[in-house]
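Q: what follows is a predicted structure for the sequence shown.
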There are 4 protein chains.
Amino acid sequence: MEETNIERASVAALDEILGKSFPVLDHGHVRIIDYMGDDAAIVQAARVSYGAGTKQVHEDRGLIRYLLRNAHTTPFEMCKLKLHIRVPMDCWRQWIRHRTASVNEYSTRYSEAISDQQGTLPGEWRLQTTQNKQGSEGFLDLDLGKELTKSEEIFHQSARDLYQSRIESDVAREQARKDLPLSTYTEAYWSIDLHNLLHFLMLRMDNHAQTEIRQYATVIGEEIVARWVPFVWEAFRDYRLNATRLSGPETELMRLLIAQDQPAAKEWLREHGWVSLKDGKKSREAKELEVKLEALGLRLP
Amino acid sequence: MEETNIERASVAALDEILGKSFPVLDHGHVRIIDYMGDDAAIVQAARVSYGAGTKQVHEDRGLIRYLLRNAHTTPFEMCKLKLHIRVPMDCWRQWIRHRTASVNEYSTRYSEAISDQQGTLPGEWRLQTTQNKQGSEGFLDLDLGKELTKSEEIFHQSARDLYQSRIESDVAREQARKDLPLSTYTEAYWSIDLHNLLHFLMLRMDNHAQTEIRQYATVIGEEIVARWVPFVWEAFRDYRLNATRLSGPETELMRLLIAQDQPAAKEWLREHGWVSLKDGKKSREAKELEVKLEALGLRLP
Amino acid sequence: MEETNIERASVAALDEILGKSFPVLDHGHVRIIDYMGDDAAIVQAARVSYGAGTKQVHEDRGLIRYLLRNAHTTPFEMCKLKLHIRVPMDCWRQWIRHRTASVNEYSTRYSEAISDQQGTLPGEWRLQTTQNKQGSEGFLDLDLGKELTKSEEIFHQSARDLYQSRIESDVAREQARKDLPLSTYTEAYWSIDLHNLLHFLMLRMDNHAQTEIRQYATVIGEEIVARWVPFVWEAFRDYRLNATRLSGPETELMRLLIAQDQPAAKEWLREHGWVSLKDGKKSREAKELEVKLEALGLRLP
Amino acid sequence: MEETNIERASVAALDEILGKSFPVLDHGHVRIIDYMGDDAAIVQAARVSYGAGTKQVHEDRGLIRYLLRNAHTTPFEMCKLKLHIRVPMDCWRQWIRHRTASVNEYSTRYSEAISDQQGTLPGEWRLQTTQNKQGSEGFLDLDLGKELTKSEEIFHQSARDLYQSRIESDVAREQARKDLPLSTYTEAYWSIDLHNLLHFLMLRMDNHAQTEIRQYATVIGEEIVARWVPFVWEAFRDYRLNATRLSGPETELMRLLIAQDQPAAKEWLREHGWVSLKDGKKSREAKELEVKLEALGLRLP
């Protein structure tokens, strides 16, 4: 084993933005504090498998793409990221569900709560979607939005007053905080490895994710990961973000559609209960497939 | 390998309370839903180490005590618990930090928020402690408590009204919830193995834990774990809950105190900066030791 | 909260085989020892999201399929399995890489090593594949196989003799074991939740997995999981085992192929470097796509 | 939020040894490849709890000692280490049980096995201890040791020959390796956060750990962690490595011993079954306590 001195992996494009705040929502931000590893560190970890004598058959970009495409995920764990984030508690409740990260959150037992709440502008009130049980779609009428924003402001002020009056009465901070609205901002250091970060981004950049956390995830992906590990970011877009999964049944049906065998396709849809015999209504699974078919220039019969 | 049929581990004392709600706080509870394993399952897993030919030298209780005393923690992971809990979001924020559990929480994206908030009685408002930065100590004057309870009730009502008015305006549930106070109840299924549960109980039954989560932890420990794995529960009390850790420096000093060598002890305290030369003030570490010494009938000089 | 007594989830088809050994390889086995939860427990955990007032819109099978299809994985963590396995150490080295399980392994510090090694029959010696760096393909000539089996038997005997002579010389067991061949069997209790078990099965039932661990995974999947949670097993086969993932670039190209626009497809292949301009050779990624295309009745131009 | 640019945490004493091999055993080593964070990063993460307005009451060393003493472990997770290790497979089997690390191991499916085995010198053969079931104590007679070393060398040569003959017969590498002795070296990149590393060191620097892994752990602790985070290393030695835990029952008994109430102490020992009424034999727990008592200058009656 050689005694060669080595240097730490570093990424100039990332060092340039170290400590910089990327604003998110009205009072939130994402800041990168530190990191370990880069594209080359992933390649290095993957190559321990090949041993000294193996020829370097893939160049780095190709190897990273191969690893990501084939779910060889362990080399991505060799890269670590540490962020400082400022985020409403409601959004943080979703964020904290990712259990593979390390977290130090601002403590409202030790310190007084942050006095900022996430406010909603009149044009930002979202309608309950009718598509599914969760989620939103479109916006409320602006006049109604103005009323809602007004009542929100009044409520936020009364919440701050209530909290302050408790603090002034010397109520313990751990108890005074019990009525903070979920819109109250909190802060945290959040550290995670790249493999688990990509999983976070996959779920939280998705269009089913709630818009607030999606904005944070998009900043982390596009402003930070894209600078940090550009080969990984490109591969992640190609093989995860923009990928489609076809189930076994969907593959069977698509084969019939591609062969333009409409009768067999219709028969298949009825047999599998994807189209109702009674009223011709499509099942949820059939509707999900339609989105995928459209991207391929196909249609259900 | 024998083809013997076996039966699942079951514990009559636990089966009796399956599904039963143990109330905690004003609207919360803990219910045991399911479990896997018992005291004997821990012994069985530990004994795989000894192999078929080994004599059964310890009886079960002794082996469990040995394992727990010596941090042989893996056999305890073979037991699993599943609870249904109802808990204020403020308390849940602490609970969810235990990352080794599996969680399904009530979703306020899918369903309307639970309308209960944790209320505080006039005599329950706690004073900020002066002992440390966090925590509480003693209670506020009852008259002031009545005022605080009154203003809390008004605030809870206004928070429910605000939420309902948003829902009636067809604001998406995921957005309508943004101002729920942290005192709002949530529910979850929570599953964890016994090793990690003991760690949870150690931290959350501790007298530095906030009283709300401490009440939940105490119910889980005394009502559920004590019935489920009585040998483990006894060992946990002896070797964890009621144990004391002496640091290297503390051991040195205690040796001097036990030998009743007061001059050497004084010298040690000054040298290590545990007692100030200037004003005789004790360091935080010295104060922590005093608590341990008292239990042993010793005192600092 | 009702005080209703409930009963533990139990699955008759699984209770019937509790403790039964399913043989794998020459001296190995898989035995189910205990479990927690069933198909209904997954549904129960998922429905905590919908709250009491929500109508039961999906029946259980549909909901389980929906959850698995859309990567709503947390409810699957509510089910736990405990197996007793007997497996060669070489295979165990791969198995133990799955970090989300609980493990108690037979200890060769406490007990003498198991004297069985995994033997290879003359017809079972596999050729190094030329397709990729790892894996095997086809079998060696039977005459050569006989020689290899013979020399293996001799080696196994000499390894057992060496171990025994050390034990008889009173060498510590922890040191005597240092030259056990990787083919030596070990045993373990292994406990994992269903979500992580499905991930294990996905990777280890795959045709890139080494045949030995694949045999274990297949038994766990087809003999145990299929009996335990039949709806999950069906969904897992449809949406995971038999699913195909199309990358963003693959989707673009397939759109051209489905439209039968051969010139544009050829152009795309050249532009993206999937077919070499020089020699017409296909890239690794192009070859991977060909497998997917075949299932759909398509071909590269 | 300020736009201040910041720099990555770096530790000059560690940068000096980056890439350097610390030899362990006959052909093994530990090399540090990369790291994230330092003593100050732990303080920074801990202080997010105190908020901007809080005075810096503890200096860094004091805060780190406080955190470690009181099991406030999350700030230690903010520091990460990446090592390259070379270690016999037998030792690696213990190492890999620490599930909180990220691992990329040298693959003997992709590459030919490393041809080094860990050899044992004539004076290094250890006797089975009679103190407990596991472990070793003292050494074998040198003449016997010479014989054992000789037979080991012959066995290692025959194992290498067997492996080579399989490779030359074109047996797949994944199968050819099945009879590698556990003494064969492997290599890995191993990455872990500081909190989990301290737990690893606590278990593996302990005198119950097997000597081989203990040598690796000691090098990691004394050569790497001591340079990287000197305040943490000092606190770890004081509060973990050199600490003693007194159980509830031990505390009761010690109180009697310190008060020099011999009759009550004797009575206690008999009542609790720590000294047998029949033959005066001490229980295992009583023997464990004797070790702790000696450090304090006390004795059982």
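A: That came through, no problem. Numbers count the residues shown, from 1 in each chain, chains lettered A, B, ... in the order given.
Q: angles on the backbone of the closest residue to A:Arg270 other than its chain neighbours, please.
A: Distances taken as Cβ to Cβ, 6 or more residues apart in numbering or on different chains place A:Leu277 nearest to A:Arg270, at 6.0 Å, with adjacent residues excluded. Yep, even glycine has a C-beta here, placed from its N, CA and C like the rest. Backbone geometry at A:Leu277, expressed as degrees, to the nearest 10, gives phi -70, psi -40.
Q: correct me if wrong: A:Leu277 contacts A:Glu267.
A: No: counting by Cβ atoms under 8 Å, A:Glu267 is not a contact partner of A:Leu277; they are 11.5 Å apart.
Q: where do the helices of chain A begin and end?
A: For chain A, the helices defined by DSSP state H cover A:12-15, A:39-47, A:60-69, A:89-95, A:142-168, A:173-176, A:194-204, A:211-219, A:226-228, A:230-236, A:248-258, A:262-271, A:284-296.
Q: distance of the residue nearest to A:Arg270 from A:Ser283?
A: In this view, A:Leu277 and A:Ser283 are 12 Å apart by Cβ to Cβ, to the nearest Å.
Q: what's the weakest-modelled helix or strand in chain A?
A: When each helix and strand of chain A is scored by mean pLDDT, DSSP states H and E, strand A:136-139 comes last, with a mean of 89.
Q: now that one: buried residues?
A: By 16 or more other Cβ atoms under 10 Å in any protein chain shown, the buried positions in strand A:136-139 come out as A:136, A:139.
Q: helices or strands up against that strand?
A: Applying 3 or more Cβ pairs under 8 Å, 6 or more residues apart in numbering or on different chains; DSSP states H and E, one finds that strand A:136-139 contacts strand A:126-128.
Q: and for the strand it packs on, what's in contact with it?
A: A:136-140, A:211, B:170-175 (Cβ atoms under 8 Å, 6 or more residues apart in numbering or on different chains).
Q: what's the closest of those to B:Thr120?
A: B:Arg173 (27.3 Å; Cβ to Cβ).
Q: any residue of stretch A:191-204 up close to chain D?
A: Yes: Stretch A:191-204 is in contact with chain D by Cβ under 8 Å from any Cβ of the partner chain, via A:191, A:193.
Q: give the rounded mean pLDDT of that stretch.
A: When pLDDT is averaged over stretch A:191-204, the result is 98.
Q: again, but for stretch A:282-290
A: 92.
Q: pLDDT below threshold where in the stretch 201-301 of chain A?
A: Within the stretch 201-301 of chain A, no range satisfies pLDDT under 70.
Q: and it, which of its residues are near chain C?
A: So far as Cβ under 8 Å from any Cβ goes, the stretch 201-301 of chain A lies against chain C at A:203, A:237-239, A:241-249, A:251, A:254-255, A:258-259, A:284-285, A:288, A:295-298.
Q: related to what we said a few turns ago, counting neighbours, go ahead and name the busier of A:Leu277 and A:Ser283.
A: The neighbour count for A:Leu277 versus A:Ser283, taken as other Cβ atoms under 10 Å in any protein chain shown, is higher for A:Ser283 (15 against 8).
Q: distance of the more buried one from C:Tyr110?
A: Distance of A:Ser283 to C:Tyr110, computed by Cβ to Cβ: 56 Å.
Q: now A:His84
A: 48 Å.
Q: more crowded one of the two?
A: The neighbour count for A:His84 versus C:Tyr110, taken as other Cβ under 10 Å, is higher for A:His84 (21 against 18).
Q: wait, the more buried one touches A:Arg31, no?
A: Yes: using Cβ under 8 Å, A:His84 is in contact with A:Arg31, at 4.4 Å.
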